[in-house]
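Peer 1: Fold the following.
(2 chains)
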Amino acid sequence: MIARGLLASARVQLKSETRLAGVMAGVVQPAVFMAVTLLAAGPAAVGTRTAVGCGLLGLWGAIVWRFGLVLRQERQRGILAGLVSRPAGLTVVLIGKSLGSMVRSAVLTALTVGVVAAMAGHPVRIAAPAVFTITALATLISATALGLLLCSVFLLSRSAVRIAETLIYPVFILGGLLVPTSLLPGWAQQLSTLVSLRWAGELLLDAAAGRAQQPGDWLSLAATTTGYAVSAVVGLRLVLRKIRAEGTLELA
Amino acid sequence: MNWPDPTTEGTPAAHRTPAAHRTPADHRTPAGQRTPAGWRTVAALRTVAALSWREYRAVYPLRVVLASSLPRAILQTLFVAYVGLIAAGPAGRDFALVGGAMQVVTIATVIKAADILVEERIFGTLYRMRLAWIPLPVVAATRWWIFTAEGVLGGMVAATAACLLFDRPALMTGMWAATGLVVLVALSTSALGMAVAAFAMTQRVDSFITNLVSYLLLALTGSVAPLERLPDALEAPAHALPMTNGLLAIRGALAGGPWLGHAAAEAVVGLGWLAVAGAVLTLQARRARTDDTDGRI
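Peer 2: Now for the predicted structure:
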């Protein structure tokens, strides 16, 4: 039932979205940041690091906006309470819908980054495609756990859009997505170890360069992702219990 | 949004008419003498400006400004400055810091402010703005002031915080001295924001359009990289965008070089976009009357 629920939710979400959904996070944002980096540093700067960084940047934008907006849409359409009471449950529907939306955005991001890098005369070369693909899938799973964690905050607050806006840039900086974490102050480097996308970025760069991936990076990715997933499940359960008791599911 | 009209306080609700909707004949003193038309317009626009402030406070209460708008402004500027740092070293960081702070201005004047027109349409109250005896572009421009002010405040706070974090006190004092130029950029980008909102208000993808314009400004106005690095085909058109000449003026002032010419160019570009905004809004209002497009969302 869970697999059917996930697939059905993803299908419904993709059908209900406009053609431009995901274009901002998947195309415009990574393309603009790649372009300005290219303009500021010259074509030589558009190496794999910039390409992977801009790709992850697009993925993080997609996580925040798709998870936040899917939830808001369900509330606006008045079907959020119905979803909570269905056998599949809100979590399954939410993951299915957000994942469907996010995968589309991730594909657009990968295409954009590839095209901009090729146009700059430095096409992205992946030395170990199989390892890179496996790492990319692990990154997507981690991103889903992180998105789910954000959902409990979005459920509690009426200011979901404002929260989403605020969350974008701390991870852009702390996640080392485009800016190497070694440039950050010491305290910020400590904080960045809690961001799973940082470890995903390191692993993706190793795979792209054909270097051996560090087991410590995989462990950190697994630990942060597990932490997000457990916190998300517990958090969602607590939040749902609270808003059911208060009768504010459709009002928050 | 519907707000009580402070100029008619004490009048029974059924007899009230918002100031901007009254005909000139409505404006008489208690003795029956007519007040000059100019003063009536000023009074009505003052009411519009006051209500714009109240609307802003309702949508963006202080806690949202402190917990969301300002932190976002600071972090965005820091990120853009870091992009400049990895691309071109410390000089690139300082260059991009100024551009990042000005990009914060456009979030308020282009993205957020567009909601003024878009939400009137969504709430079904746009026709009331059209029916006012003060032209729609004038009412819209007056309502924009609060976002222009937010842009200036956000940009300056972001620049100050980023300069403190990167330990750049000279750049910080330079930015403070250039506050007048930041105000100029906020005004010219407000004009662009009005033009974009006037076009986007009849589109389903209104927020996509305003966000796209904001990103294009980041890429094309020389925020992170010098204008000369743009392809030749884009460099000249970039000068027709607000912020391009404003950034040249600010950087000129920071370096102790010439800036007045760039500032004048920024003002001319802003006035041009204001004219475009007025024309598009007038066309939209005419189209709404003839084609009944107000209700199409």
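
Peer 1: Past the helix or strand bottoming out on mean pLDDT in chain A, which element shows up next along the chain?
Peer 2: Across the helices and strands of chain A, mean confidence by mean pLDDT, DSSP states H and E is lowest for helix A:80-85: a mean of 79. Note on helix A:80-85: by DSSP states H and E, the next helix or strand toward the C-terminus is helix A:89-119.

Peer 1: Longest helix in chain B, please.
Peer 2: helix B:70-106 (DSSP state H).

Peer 1: and chain B, which residues reach chain A?
Peer 2: B:64, B:67-69, B:71-72, B:75-76, B:78-79, B:82-88, B:92, B:96, B:204-205, B:208, B:211-212, B:215-216, B:218-219, B:223-225, B:229-230 (CB under 8 Å from any CB of the partner chain). From N, CA and C alone the C-beta is placed, and that goes for glycine too.

Peer 1: If you count neighbours, what's buried in the least confident helix or strand of chain A?
Peer 2: Buried positions in helix A:80-85, judged by neighbour count with 16 or more other CB atoms under 10 Å in any protein chain shown: A:L80, A:L83, A:V84.

Peer 1: Could you single out the nearest of those residues to chain B?
Peer 2: Closest to chain B out of the buried residues of helix A:80-85 is A:L80 (20.3 Å), distances taken as CB to the nearest CB.

Peer 1: Help me confirm that the closest one comes into contact with A:L71.
Peer 2: Yes: applying CB atoms under 8 Å, one finds A:L80 in contact with A:L71, separated by 7.5 Å.

Peer 1: which residue ranges form the helices in the chain?
Peer 2: Chain wasn't specified; assuming chain A. With DSSP H as the criterion, chain A has helices spanning A:2-16, A:23, A:29-41, A:48-76, A:80-85, A:89-119, A:129-156, A:160-174, A:186-192, A:196-209, A:215-246.

Peer 1: you looked at the wrong chain, it should be chain B
Peer 2: B:37-59, B:62-64, B:70-106, B:115-122, B:126-131, B:136-143, B:145-165, B:169-177, B:179-200, B:206-220, B:232-238, B:244-254, B:260-291.

Peer 1: Just list what the longest one packs against, helices and strands only.
Peer 2: Of the remaining helices and strands, those touching helix B:70-106 by 3 or more CB pairs under 8 Å, 6 or more residues apart in numbering or on different chains; DSSP states H and E are helix A:29-41, helix A:160-174, helix B:145-165, helix B:169-177, helix B:179-200, helix B:206-220, helix B:244-254.

Peer 1: Export those helices as TSV, with columns for mean pLDDT.
Peer 2: Formatted as TSV, these follow (pLDDT from 0 to 100):
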stretch	mean pLDDT
helix A:29-41	87
helix A:160-174	83
helix B:145-165	96
helix B:169-177	95
helix B:179-200	95
helix B:206-220	90
helix B:244-254	96
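
Peer 1: List just the one of those helices that sits closest to A:A128.
Peer 2: Of all the helices and strands packed on helix B:70-106, helix A:29-41 sits nearest to A:A128, with 22.5 Å by CB to CB.

Peer 1: ok so, going back, in the longest helix of chain B, what counts as buried?
Peer 2: Buried positions in helix B:70-106, judged by neighbour count with 16+ other CB under 10 Å: B:70-88, B:92-106.

Peer 1: surely B:A67 meets A:S157?
Peer 2: No: with contact defined as CB under 8 Å, B:A67 does not reach A:S157; the gap is 10.6 Å.

Peer 1: who's more crowded, those two?
Peer 2: Each of B:A67 and A:S157 has its neighbours counted (other CB atoms under 10 Å in any protein chain shown); B:A67 has more, 15 against 12.

Peer 1: check contacts around the nearest residue to that one once chain neighbours are set aside.
Peer 2: Sequence neighbours aside, A:T166 is the residue nearest to B:A67 in space, at 7.2 Å (criterion: CB to CB, 6 or more residues apart in numbering or on different chains). Neighbouring residues of A:T166 by CB atoms under 8 Å, 6 or more residues apart in numbering or on different chains: B:A67, B:S68, B:P71, B:R72, B:L75.
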